[in-house]
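[1] the sequence and its predicted three-dimensional model are supplied below.
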Protein chains: 2
Amino acid sequence: MIFFDCSTAPNPRRARMVLVEKGIQVETREISIAKGEQLLPEFKAINPQGMVPALRLDDGTLLTENLGIAAYLEAIAPEPPLLGRDAREKGLVMMWNAIVEQQGGLPIAEALRNAHPAFVNRAVPGPVDCPQIPELAERGRFRALAFLDLLEERLAEVPYLAGEQFSFADITAFVFVDFARVIKLRVPEAHGATRDWQARIAARPSAAV
Amino acid sequence: MIFFDCSTAPNPRRARMVLVEKGIQVETREISIAKGEQLLPEFKAINPQGMVPALRLDDGTLLTENLGIAAYLEAIAPEPPLLGRDAREKGLVMMWNAIVEQQGGLPIAEALRNAHPAFVNRAVPGPVDCPQIPELAERGRFRALAFLDLLEERLAEVPYLAGEQFSFADITAFVFVDFARVIKLRVPEAHGATRDWQARIAARPSAAV
């Protein structure tokens, strides 16, 4: 299989972390979003949506979207489990991953893409151009702050988002919280549980990729 | 377990359809969003996020978010499989579910919640109030139209979104496309593949709940 990556973007990083956690080595092609390579005809022939990450299987099937890639990798390489060990944990991993995507990742992306000059007319990823909405950037920032509070509240109760076990939900949250630096947002010093969780994940080999 | 439902909202309908497909009968409590019951202290004591659907397990664990509930139900009642039968299909189900949520469900919700008088100051679901952004309603409508084209393109190739087998991705798309009537958007007559797919899903007992 071939993995289409972009070393500077948060979503491909989530898939890279899954690959490292599972010890899977895969042929990788770098698609530079900074150079707009994801929208060139060569890459759109592979993924018409013009988005990374993407994983092309040996039979030609293209898997896009982080959960699509993670679910496939979890099925072919179950150890270590990243999507939950039993029914309850599987539910909690998917639940927290969704909360983090919707209440963390989306607002951070909205704050960046609707304000930064690099994203003029590119407020939404994908093949269709969309103008920026400055009010949405503001709202994104406001919601991202609320998300940091929610994260601290959860991590004050349990070591990892889904409970006792590191999971894909932690990967999603770790990557988005790290990426929030692009909108000049950092975990407040008072958020001790989040900072401790960040340090534990930063020490994993997968966080270095 | 107890299922917290709302008969008029699209997201609880997705979870209801999973329960029916799997033949699981569960004690259900109706939370009326029209009456604002999801934000009353009684329900926020159950789910502080003030959102439905939610599933309370017998050990007290609360599962929210459709994928959280679906992943749990798939694990306790594997038949019929709704999240894929093998690694490739598991990947495709999660991929298409994500595409439908982000490119279909989110834009439809943006178009509704940022324009309709019933959602003044409630542009985002959950416990925190957010003002409406009229430009985002417009953008949502534009993106929802593009989503209908993407859906037709996919369903012209395969009978169901993940391929040969009906899955949770179809439930998500069916419910959101049906719900798009609230922004006066319907599948164009020329979209024959989508209309045929809609008719096949509408004939399933789960579509009637």
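    Ah, there it is.

[2] tell me how chain A divides into domains.
    For chain A, automatic domain parsing gives the domain ranges A:2-76, A:87-208.

[3] so is the last one next to chain B?
    Yes: contact of domain A:87-208 with chain B is found when judged by Cβ under 8 Å from any Cβ of the partner chain, involving A:87-88, A:90-99, A:103, A:106, A:123-124, A:126, A:128, A:130-131, A:133, A:135-136, A:139, A:142-143, A:146. Placement of C-beta: from N, CA and C, glycine included.

[4] sorry, back to before: save the domains of chain A as CSV, and put in distance to B:Gln165 too.
    Converted to CSV, these look like this (distance: least, Cβ to Cβ, whole Å):
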stretch, distance to B:Gln165
domain A:2-76, 14
domain A:87-208, 20
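
[5] can I get those domains in TSV with mean neighbour count and mean pLDDT?
    Formatted as TSV, the domains of chain A follow (neighbours: other Cβ atoms under 10 Å in any protein chain shown; pLDDT from 0 to 100):
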stretch	mean neighbour count	mean pLDDT
domain A:2-76	19	97
domain A:87-208	19	97
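
[6] how about the nearest residue to A:Ala207, chain neighbours excluded?
    Spatial nearest neighbour of A:Ala207, excluding adjacent residues (Cβ to Cβ, 6 or more residues apart in numbering or on different chains): A:Ile201 at 5.6 Å.

[7] who's in contact with that neighbour?
    Neighbour list for A:Ile201: A:Phe166, A:Asp170, A:Ile171, A:Phe174, A:Ala207 [criterion: Cβ atoms under 8 Å, 6 or more residues apart in numbering or on different chains].

[8] what kind of secondary structure is the residue of chain A most remote from its centre in?
    Computed with Cα atoms, centre = their mean, the residue of chain A farthest from its C-alpha average is A:Asp59, at 25.9 Å. Counting by DSSP: H, G, I helix; E, B strand; the rest coil, the backbone at A:Asp59 sits in coil.

[9] for it, what are its contacts?
    Counting by Cβ under 8 Å, 6+ apart, A:Asp59 has contacts B:Arg88.

[10] next one: it from B:Gly163, what distance?
    According to Cβ to Cβ, to the nearest Å, A:Asp59 stands 12 Å off from B:Gly163.

[11] likewise for A:Thr8?
    33 Å.

[12] all strands for chain A, in order.
    A:2-5, A:27-30, A:54-56, A:62-64 (DSSP state E).

[13] which one, of those strands, ends up nearest to A:Asn114?
    strand A:62-64 (23.2 Å; Cβ to Cβ).

[14] just checking: what are the partner strands of the closest one?
    strand A:54-56 (antiparallel) (DSSP bridges).

[15] how far does the strand it pairs with sit from its chain's centre?
    Chain-centre distance of strand A:54-56: 16 Å, with Cα atoms, centre = their mean, to the nearest Å.

[16] got a list of contacts for it?
    With contacts defined as Cβ under 8 Å, 6+ apart, strand A:54-56 is touched by A:1-4, A:15, A:26, A:46-47, A:62-64, A:68-69, A:72, B:91.

[17] what's the closest of these to B:Asp178?
    The closest of the contacts of strand A:54-56 to B:Asp178 turns out to be A:Gly68 (Cβ to Cβ; 23.9 Å).

[18] and the closest one, how close does it get to chain B?
    3 Å (Cβ to the nearest Cβ, to the nearest Å).

[19] for A:Phe119, same thing?
    According to Cβ to the nearest Cβ, A:Phe119 stands 14 Å off from chain B.

[20] leaving out chain neighbours, which residue sits closest to that residue?
    The nearest residue in space to A:Phe119 (Cβ to Cβ, 6+ apart) is A:Arg113, at 4.3 Å.
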